[in-house]
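>>> predicted structure and sequence below. I'll ask about it afterward.
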Number of protein chains: 2
Amino acid sequence: MSSTNASITNPRLVLLELLLRQARPLTIDQVLKLTRGRLAQSTLYRVINDLRDFGLVSAFMNLDKTMVIELDDPVASHHHHIFCRQCGSITDIELNSELELNLETEVKRIESEHHISIDSHSLELFATCRACIND
Amino acid sequence: MSSTNASITNPRLVLLELLLRQARPLTIDQVLKLTRGRLAQSTLYRVINDLRDFGLVSAFMNLDKTMVIELDDPVASHHHHIFCRQCGSITDIELNSELELNLETEVKRIESEHHISIDSHSLELFATCRACIND
DNA sequence: GTAATAAATGAGAATAAGTCTCAATTAGTC
DNA sequence: GACTAATTGAGACTTATTCTCATTTATTAC
């Protein structure tokens, strides 16, 4: 996975195609259900790690501490997530670009104030989503 | 724990005193070590949940997906966390107040745009901390 | 202070997400 | 097609957190 050459294999294609088709963050359970037995669970976790190393997929935690993955599209802009506390749905959001810039400037200030090297940031919003409000 | 009355018990006092004394986020392991057997592990988790329900403690995830807790001081201002990817240390930070205000305004905009009800937000910075840079 | 009773504790069993192992399969190269 | 390295799949394993339940403690009423 590092110095040697990576192969284009079925499990990797299956996962990439699914993520491309769904175009939204998916949980492990969702991936397993949507691929209906075509991926062994251990393979899924391994393939996720491989694709993360390749920079094709990114992963983060759900509210229940389980893994959520999505395509790491280098063209799409930096974004964040809203988590619904009730139904667990996850929504992608973008901050307005001015705020995102100000955030990055502030991160740089914090970097020099604390003499650390910050390589990424993530804003998480916790909410009750539209569907759950109407219940 | 909800409609009935809560008691002031030793484990609850032990944990609150520790958090007050340390004044920094602590992992489960750190709490267990620092309290040296005075809290059963199962009691610790239960007491954490109780104190969260009481609004005295807040909890979040470490990089290794384990629980981190800290005092939820209603007087102290809203803050965020820096996680060191190498050593796992966690540092509290505050955004400059203008940015924090702008962030809250943007959150309100997102709220109305998506017709959802956002109840909290959290910014996480991932970094290499001062100590780890010098290694 | 003591009795009654509701709440909380402690020890260990149970759960489950994610990781690891290793023999079998597959992709890429010659 | 044969060779070699990479990958897969099945299931065992790990471990943070939750659960259970008998025992203990805190609180309230007297």
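Structure received.

>>> buried ones in the strand ranked longest in chain A?
Longest strand in chain A by number of residues (criterion: DSSP state E): strand A:117-128. With burial defined by 16 or more other Cβ atoms under 10 Å in any protein chain shown, the residues of strand A:117-128 counted as buried are A:Ile118, A:His121, A:Leu123, A:Glu124, A:Leu125, A:Ala127, A:Thr128. No exception for glycine: its C-beta is placed from N, CA and C like everyone else's.

>>> which residues in chain A form helices?
A:10-22, A:28-34, A:41-53, A:97-114, A:130-133 (DSSP state H).

>>> of the buried residues of strand A:117-128, which is the nearest to B:Glu111?
A:Ala127 (7.7 Å; Cβ to Cβ).

>>> residues touching the closest residue to that closest one other than its chain neighbours, list them.
Closest residue to A:Ala127 apart from its sequence neighbours, by Cβ to Cβ, 6 or more residues apart in numbering or on different chains: B:Ile118 at 4.3 Å. By Cβ atoms under 8 Å, 6 or more residues apart in numbering or on different chains, the residues touching B:Ile118 are A:Ile82, A:Leu125, A:Phe126, A:Ala127, B:Val107, B:Ile110, B:Glu111.

>>> which residues of chain A lie near DNA strand D?
Taking Cβ under 7 Å from any atom of the strand as the measure of proximity, chain A contacts DNA strand D at A:1, A:3-7, A:9-12, A:38-43, A:46-47, A:50, A:65.

>>> one more pass at 10 Å, please.
Applying Cβ under 10 Å from any atom of the strand, we find that chain A lies next to DNA strand D at A:1-15, A:35, A:37-51, A:53-54, A:64-65.

>>> centroid-wise, who is the farthest residue in chain A?
Distance from the C-alpha centroid of chain A, by Cα atoms, centre = their mean, peaks at A:Glu113 (29.2 Å).

>>> got a list of contacts for the helix or strand bottoming out on mean pLDDT in chain A?
Every helix and strand of chain A was ranked by mean pLDDT, DSSP states H and E. The lowest is helix A:130-133, at a mean of 89. The set of residues external to helix A:130-133 that reach it, using Cβ under 8 Å, 6+ apart, is A:Cys84, A:Gln86, A:Cys87, A:Ser89, B:His114, B:His115, B:Ile116, B:Ser117.
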